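> Build me a structure from this.
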Amino acid sequence: MLFTFSILFYPRGNDIDKDGNAPIYARITVNGKRSEFSIRRKLSLDKWSSEGGKAKGSSNESRDLNRYLAAIETKLHKIQEQISESDTLVTSEKIKNAYLGKGKKDKMVLHIFQDHNDKVEKLVGKDFAPGTLERYKTAKKHVEDYIVQEYNVKDISVKEVDYQFITGFEYYLKTTRNCAHNSAIKYITNFKKIIRIAYANDWISKDPFIHWKAKLKIVDREFLTEKELQKLVDKEFSISRLEQVKDIFIFCCFTGLAYADVKKLSKKNLVFGITGEQWIKINRSKTDTRSNIPLLTIPLAILQKYADSSDLSGTEFLLPVLSNQKMNAYLKEISDLCHINKNLTFHLARHTFATTVTLTNGVPIESVSKMLGHKSIKTTQHYAKIIDKKVSDDMNMLKDKLSKYSNMEEVSNPI
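Modelled structure (predicted):
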């Protein structure tokens, strides 16, 4: 960032006392932002040189005032250098406060962020999921890198965060970090929580996010069609690791469980319903909301297949789930071998359950929302929007119901 620093002394002409003297003020300007303070000296306006920024003439009064102005200027320059050497952001307000002896130390952005993340880490497994902590850690790293790149310091006061900082951070994420729009917005939202903590604690006087609005773009989520899903179900692999990953992926296609939830799925999550069928009842790792899922034939068969797996001996887990990285790597191999031309990731199984397995087959959206563990049905409605086949089927059903009106006379001039 281009750094500019200047000092100007001037008499305040609109505050002249009864003797015709005006108070002298010092104006500090850093990168176009000003801070001013009275030097507690007065002078008649006709004795002041606007061009020189000092008293005119060689009288004792003028020489005394000019020596005082020079001493103030020297001290201000020294303060500016000290702040620069401390590797924090130089501002006119900081220089003024240091000169006036206002020693209250500003709260620093990254210090607040780290304190927040430390508290989240201690609450992982209670109030927060591990993934939430990782997102906050990544968001902090992005803010840290942006401060270094844009301000050439290690940290800045939270008071220096303004709308320009926020929009600049968004631009940095989308360009330097090459984040997609929604990813950038989520990182900024994480950062927004840190600023709200500062605001709630009165470390800042106003919320810089007041004019910033998060606008996520609606992304059509990929899912497997019925034909593609059948390909996977029918496919048998001689390589055990691929067969294992395929089975667990299919299990999630028919239960809607996310990776974190199927990984922790244990015997205590299996219960019997009132009519004797087996259900999965589990709290989602991401939101801690309850998912209640009746088990269909295919996922039941997969559970039975791995009931005696040596990988699960001595544990309460029901399926031998590999790391998310390995699962996704092997799924790419599986998609190639099955000739499925889609970016097959583990989370795509959850989308497939919501669309191909349930909504497309007429399961009410309220039931799907309950099984997915969504906090709001609005989240589930996004899946319904992308299923053109369901809309077509619904309209065909409506046509059948309205067929009794087909013999009615056409209205020649419809309104």
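> To which secondary structure element is Thr315 assigned?
Per DSSP states H and E: Thr315 is located in neither a helix nor a strand.
> Helix or strand next in line after the biggest helix by length in the chain, which one?
Using DSSP state H to define each element, the chain has its longest helix at helix 60-85. From helix 60-85 onward toward the C-terminus, using DSSP H and E, the following helix or strand is helix 92-100.
> list the buried ones in that following helix?
By 16 or more other Cβ atoms under 10 Å, the buried positions in helix 92-100 come out as Ser92, Glu93, Lys94, Ile95, Lys96, Asn97, Ala98, Tyr99. For every residue, glycine as well, the C-beta is placed using N, CA and C.
> Burial check on the closest residue to Glu243 other than its chain neighbours, number of neighbours?
Distances taken as Cβ to Cβ, 6 or more residues apart in numbering place Phe237 nearest to Glu243, at 4.3 Å, with adjacent residues excluded. For Phe237, the neighbour count with other Cβ atoms under 10 Å is 17.
> Can you give me the pLDDT of Phe237?
Phe237 is assigned 94 on the pLDDT scale.
> Need phi/psi at the nearest residue to Gly168 once chain neighbours are set aside.
Counting by Cβ to Cβ, 6+ apart, Glu150 is the residue found nearest to Gly168 once chain neighbours are left out, at 6.2 Å. Taking degrees, to the nearest 10, you get phi -90, psi -40 for the backbone angles of Glu150.
> that older thread, mind checking how far the residue nearest to Glu243 is from Tyr172?
As for Phe237, its distance to Tyr172 is 44 Å (criterion: Cβ to Cβ, to the nearest Å).
> mean confidence for whichever helix or strand Ile166 is part of?
In the assignment (DSSP H and E), Ile166 maps to helix 163-175. Helix 163-175 comes out with an average pLDDT of 95.
> what's the answer for stretch 381-398, then?
71.
> Check stretch 194-210 too.
93.
> circling back: pLDDT and distance to Leu398 for the buried residues of helix 92-100 - can I get that in CSV?
Formatted as CSV, these follow (pLDDT from 0 to 100; distance: Cβ to Cβ, whole Å):
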residue, pLDDT, distance to Leu398
Ser92, 93, 68
Glu93, 90, 66
Lys94, 89, 68
Ile95, 92, 72
Lys96, 92, 72
Asn97, 89, 71
Ala98, 87, 74
Tyr99, 89, 77
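> circling back to that earlier point, how about the residue nearest to Glu243, what does it touch?
Applying Cβ atoms under 8 Å, 6 or more residues apart in numbering, we find Phe237 in contact with Glu243, Lys246, Ile334, Leu337.
> what's the answer for Phe209, then?
Phe209 makes contacts with Ile166, Lys192, Ile195, Arg196, as judged by Cβ under 8 Å, 6+ apart.
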